[in-house]
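Chemist: everything below, folded, please.
(one chain, ligands or ions: 1)
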Amino acid sequence: MKLLNKPGSISQAAFNLLSHRLKGSAYFDEPLFRHTSYRIGGPADILFVPQDVEDLQEAISWARAENLPYFIMGNGSNLLVSDRGFRGLLIKISGSFNGIRFEQNRAIAGAGSDLGVLINQAARHGLFGLPFAVGIPGTVAGAIVMNAGSATLYMGQQIESIAVLDCRDLRQKTLHRRELGFQYRRSMLDSGDWVVLEATISMQEEQPPIAFERIRELLLRRRTAQPLKYPSAGSVFRNPHNAYAGQLIEETGCKGWCVGDAMISAVHANFIVNVGQATANHVLALMEKVQAAVEKHHGTLLQPEIKLLGDWSQSMSLWRGDAGK
Ligand SMILES: Cc1cc2nc3c(=O)[nH]c(=O)nc-3n(C[C@H](O)[C@H](O)[C@H](O)COP(=O)(O)OP(=O)(O)OC[C@H]3O[C@@H](n4cnc5c(N)ncnc54)[C@H](O)[C@@H]3O)c2cc1C
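Modeler: As a prediction, this is how the structure comes out:
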């Protein structure tokens, strides 16, 4: 039986049938501004938070049988979701995938674990190891897939191995660091063929009071350098080779530029913040303006670090970058 009532949308009846097969929480026509750090995004046909791996397998095999797009998200802190939302099945890895345990100098963390919780629990165990991640509002898996980091340190350096679900055959596998193709803000996990389930992360021993003091200092530094008062998705553009996107944008004179309620932050020029009711189209239009201005001024075409998710069919006419892939 086909579950679509019209191309690209899923009927309530079809949703009811699917949700009875699943243990986790499934939401129909769920507004995604509730699930992104930008507080922006139209509805997903279905948002599903799986309870365990079996549940995840069931949902993916359903989407594949129905020929529907599916996408895996974590905390939505690197996503710009279209105002028209996401057609298909959006799977959010959180809740049940957030167990953390420690074995000697390693943390073994569930994919949906919050980075801040992991860093704090590690400090209590006398371990420290992700200084660049202090204050990043994402999950462990989101940070691995994005190879999140600072200018010199990044997630891939700390990963020993990860447990994944291979979406092509729905089997669980273990992948080691050398297989993960970590590059600047990229990994081979970006292909969408894998769901990260758990990660083994190497850390260094540190006295808990020293670890907590370092965390406090790093949080303070981030609060000074980044506009944390407003919703955002962190740095919008990738740093080009041998340059900082924020510096190029600032030198071009874009600080303070606005489209609707989307604004180039005065604190950090590579942040576009949502100062009120910004829409995804506002953010995209501002990205286009900045991209064109920086290209004119510096001859460099900036490419997005944030990922554009969803239905952009009516908004992308001018966009010359890739979609954050
Ligand atoms: C205030 C602020 C500060 C930030 N600072 C930094 C920073 O210093 N450095 C930095 O690198 N980033 C930074 N970011 C960006 C963002 O927080 C990171 O990229 C983060 O790692 C994304 O994690 P997430 O769980 O929110 O992932 P999401 O945004 O939900 O997803 C990001 C990518 O990961 C994939 N993904 C998520 N979970 C899984 C899974 N279980 N299996 C497979 N794929 C998955 C998604 O498909 C998507 O491709 C910042 C963002 C904000 C809002």
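Chemist: from residue 274, how far out is residue 162?
Modeler: 32 Å (Cβ to Cβ, to the nearest Å). Bear in mind the C-beta positions are built from the backbone N, C-alpha and C, glycine included.
Chemist: neighbour-wise, which of the two wins?
Modeler: residue 162 (27 against 24; other Cβ atoms under 10 Å).
Chemist: which element, helix or strand, includes that one?
Modeler: Residue 162 belongs to strand 159-166 when assigned by DSSP states H and E.
Chemist: list the helices and strands that strand packs on?
Modeler: Applying 3 or more Cβ pairs under 8 Å, 6 or more residues apart in numbering; DSSP states H and E, one finds that strand 159-166 contacts helix 53-65, strand 171-176, strand 194-202.
Chemist: and for it, what's in contact with it?
Modeler: 53, 56-57, 60, 106, 144, 171-177, 180, 182, 189, 193-202 (Cβ atoms under 8 Å, 6 or more residues apart in numbering).
Chemist: what bridges to residue 262?
Modeler: Per DSSP bridges, the residues bridged to residue 262 are residue 259, residue 274.
Chemist: what residue in the stretch 201-325 of the chain comes nearest to the ligand?
Modeler: Per Cβ to the nearest ligand atom, residue 234 is where the stretch 201-325 of the chain lies closest to the ligand, at 2.5 Å.
Chemist: ok, that residue - contacts?
Modeler: By Cβ under 8 Å, 6+ apart, the residues touching residue 234 are 37, 77, 78, 136, 226, 271, 305, 306.
Chemist: which among the helices and strands packed on strand 159-166 is found nearest to the ligand?
Modeler: Nearest of the helices and strands packed on strand 159-166 (Cβ to the nearest ligand atom): strand 194-202, 3.8 Å.
Chemist: can you list contacts of the closest one?
Modeler: Contacts for strand 194-202 (Cβ under 8 Å, 6+ apart): 53, 56, 60, 72, 91, 93, 97, 105-111, 118, 129-130, 140-141, 144-145, 158-167, 172, 175, 189.
Chemist: on that earlier part again, just the buried subset of the contacts of strand 159-166, written out for PyMOL, thanks.
Modeler: Typed into PyMOL, the line below selects the buried ones among the contacts of strand 159-166, using 16 or more other Cβ atoms under 10 Å:
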select buried, resi 53+56+57+60+106+144+175+177+180+182+189+194+195+196+197+198+199+200+201
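Chemist: domains of this structure?
Modeler: 4-92, 98-225, 227-325 (automatic domain parsing).
Chemist: quick check: phi and psi on the spatially most central residue of the chain?
Modeler: The centre of the chain sits closest to residue 78, judged by Cα atoms, centre = their mean, with a distance of 3.8 Å. Per-residue torsions, residue 78: phi -130, psi 20 (degrees, to the nearest 10).
Chemist: gap between it and the ligand?
Modeler: The gap separating residue 78 from the ligand is 4 Å, by Cβ to the nearest ligand atom, to the nearest Å.
Chemist: report the contact partners of that residue.
Modeler: 138, 142, 146, 148, 233, 234, 305, 306, 307.
Chemist: for stretch 233-241, which positions count as buried?
Modeler: 233, 234, 235, 236, 237, 238, 239.
Chemist: could those go into a markdown table alongside distance to residue 282 and secondary structure?
Modeler: A markdown table is the format used below for those (distance: Cβ to Cβ, whole Å; DSSP: H, G, I helix; E, B strand; the rest coil):
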| residue | distance to residue 282 | secondary structure |
| --- | --- | --- |
| 233 | 13 | coil |
| 234 | 17 | coil |
| 235 | 18 | strand |
| 236 | 13 | coil |
| 237 | 17 | strand |
| 238 | 21 | coil |
| 239 | 24 | coil |
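Chemist: buried ones only from the contacts of strand 194-202, please, as a PyMOL command.
Modeler: Buried subset of those, written as a PyMOL selection, criterion 16+ other Cβ under 10 Å:
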select buried, resi 53+56+60+72+91+93+97+106+107+108+109+110+111+118+129+130+140+141+144+145+158+159+161+162+163+164+165+167+175+189
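Chemist: residue ranges with poor pLDDT in the stretch 1-150 of the chain?
Modeler: For the stretch 1-150 of the chain, the stretches flagged by pLDDT under 70 are 1-9.
Chemist: please disregard the earlier target; I meant the stretch 151-300 of the chain.
Modeler: Within the stretch 151-300 of the chain, not a single segment meets pLDDT under 70.
Chemist: can you list the residues of it near the ligand?
Modeler: 189, 194, 195, 196, 226, 228, 232, 233, 234 (Cβ under 6 Å from any ligand atom).
Chemist: how about the first one, nearest residue that isn't a chain neighbour?
Modeler: So the one you mean is residue 189. Using Cβ to Cβ, 6 or more residues apart in numbering and skipping the chain neighbours, the partner closest in space to residue 189 is residue 145 (4.6 Å).
Chemist: check which helix or strand covers the one you found.
Modeler: Secondary structure (DSSP H and E) places residue 145 in helix 140-146.
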